[in-house]
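Peer 1: All I have is the shape, not the residue letters:
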């Protein structure tokens, strides 16, 4: 099966390079794409002929099948297309990708942030009537950084995480396909469950906002989850987690606390404890987790407008109050002088407005 499956990875940041190198290491053919505006990112990869991979998988030099800024050639003849870029780039990449997709291809967003819903709408306009499967992951499977140009360092791989297709009736087929490379993926009921179980909504924005001074004064020179999450910060995070879980419960889905997702995804890294702060402080891999070096880091620029804002909008639609999440969005907006309420997604942006719960669940399952 490995000889038959061919992958494209769209986005050559730390996650994209880690994925492209790891898939190559595992025997798959991989094309890596980056937008022409960021050609400088892949020039070192082209020059040295591949990506150096280091970290928990050992040392490996991955000679990719193709490295390109041409979207058409990047996805031609490819079975699974993995989009690895921040959510603020999803609209651009969807518009570039949609005209070239062909019958039978699978597109997966890592993580989703409703990218599959955006792409589905675009496909209806520019490339209809083809059997293209769209899906999104609960979160990025890798904990990775770039150690230098064309050098991916993987310091953690999640043990289990959710994936759902849009529409949800396609989930089993997509999970079976991606399990060939990543057995860690398990099916979620729909993309909304996968989105709401992305613990970045709980873990990323709040410590960034509440450590704003420290981030700016140290340029990220502290251990984010060990030093930046104190008792009071953790309590605030737990309150946001309760707001997330209230939506989960309203949708008839299983409540899994963020601290318990940590135990599920990172069991191999000692993520143990009864409270959120205990789990974060006991998780060994978080000693090397990325610390924001500015307040424009993706922990705010992605996870606030494309994470908390749509979560709050959907909660409102269901009659659920989210005072703690609202405070974080407002503070982030003030700190960065950006109106994240306007920049981000609401239920209308993702096509879920004016639906009651049953209509929403049916739409996400059937696509109609």
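Peer 2: Everything's here; your move. These numbers come from a predicted model, not from an experiment.

Peer 1: Return the set of buried residues in the helix ranked longest in the chain.
Peer 2: Across the chain, the longest stretch assigned as helix under DSSP state H is helix 231-250. For helix 231-250, burial by neighbour count (16 or more other C-beta atoms under 10 Å) applies to 233-234, 236-241, 243-248. C-beta: built from backbone N, CA, C; applies to glycine.

Peer 1: following that helix, which helix or strand shows up next?
Peer 2: Downstream of helix 231-250, the first helix or strand assigned by DSSP states H and E is helix 258-265.

Peer 1: Can you give the distance of whichever helix or strand comes after that following helix from its chain's centre?
Peer 2: As assigned by DSSP H and E, the chain's next helix or strand after helix 258-265 is helix 276-282. Counting by C-alpha atoms, centre = their mean, to the nearest Å, helix 276-282 is centred 22 Å from the centre of its parent chain.

Peer 1: and the most centrally placed residue in the chain, which of the three is it?
Peer 2: Geometric centre of the chain, nearest residue: residue 111, 2.0 Å, by C-alpha atoms, centre = their mean. Following DSSP: H, G, I helix; E, B strand; the rest coil, residue 111 is assigned to coil.

Peer 1: my guess is it meets residue 141, correct?
Peer 2: No: applying C-beta atoms under 8 Å, one finds residue 111 not in contact with residue 141, separated by 9.3 Å.

Peer 1: Near the spatially closest residue to residue 211 that is not a sequence neighbour, how many residues? Count them for me, please.
Peer 2: Once flanking residues are discounted, residue 211 sits nearest to residue 228: 4.6 Å by C-beta to C-beta, 6 or more residues apart in numbering. Residues near residue 228, counting by other C-beta atoms under 10 Å, number 19.

Peer 1: mind checking how far residue 228 is from residue 76?
Peer 2: Residue 228 is 44 Å from residue 76, where distance means C-beta to C-beta, to the nearest Å.

Peer 1: repeat for residue 57
Peer 2: 29 Å.

Peer 1: in its sheet, what does the helix or strand hosting residue 144 sit against?
Peer 2: If you go by DSSP H and E, residue 144 is part of strand 142-148. Take DSSP bridges as the rule and strand 142-148 pairs in its sheet with strand 151-157 (antiparallel).

Peer 1: what angle sits between the strand holding residue 144 and helix 258-265?
Peer 2: Interaxial angle, strand 142-148 versus helix 258-265 (axes from the mean of the first three to the mean of the last three C-alpha atoms, to 10 degrees): 80 degrees.

Peer 1: Domains in the chain, by residue range?
Peer 2: What automatic domain parsing lists as the domains of the chain is 6-189, 200-366.

Peer 1: So the nearest residue to residue 184 once chain neighbours are set aside versus residue 154, what's the distance?
Peer 2: What sits nearest to residue 184 in space, not counting adjacent residues and going by C-beta to C-beta, 6+ apart, is residue 160, at 5.4 Å. Note on residue 160: its distance to residue 154, by C-beta to C-beta, is 17 Å.

Peer 1: What of residue 317?
Peer 2: Counting by C-beta to C-beta - residue 317 and residue 154 are separated by 38 Å.

Peer 1: Comparing those two, which shows the higher neighbour count?
Peer 2: residue 154 (23 against 19).

Peer 1: For that one, list each beta-bridge partner.
Peer 2: Beta-bridge pairing for residue 154 (DSSP bridges): residue 55, residue 144.

Peer 1: who touches it in this structure?
Peer 2: Going by C-beta atoms under 8 Å, 6 or more residues apart in numbering, residue 154 touches 18, 22, 53-57, 142-144.

Peer 1: just residue 18 next, same as before
Peer 2: Counting by C-beta under 8 Å, 6+ apart, residue 18 has contacts 53, 142, 144, 152-154.

Peer 1: Check residue 112 too.
Peer 2: Shown in contact with residue 112 (C-beta under 8 Å, 6+ apart): 135-138, 164, 191, 194-195, 198.

Peer 1: What is the three-state secondary structure of residue 171?
Peer 2: Under three-state DSSP, residue 171 comes out as helix.

Peer 1: Can you tell me the closest non-neighbouring residue to it?
Peer 2: If the residues on either side of it in the chain are set aside, residue 171 comes closest to residue 165, at 4.3 Å by C-beta to C-beta, 6+ apart.

Peer 1: What's the local residue count around that neighbour?
Peer 2: With other C-beta under 10 Å as criterion, residue 165 counts 28.

Peer 1: Under the pLDDT cut-off, which ranges of this structure? List them.
Peer 2: Judged by pLDDT under 70, the chain has its weakly predicted residues at 1-3, 267-270.

Peer 1: Thanks a lot, catch you later.
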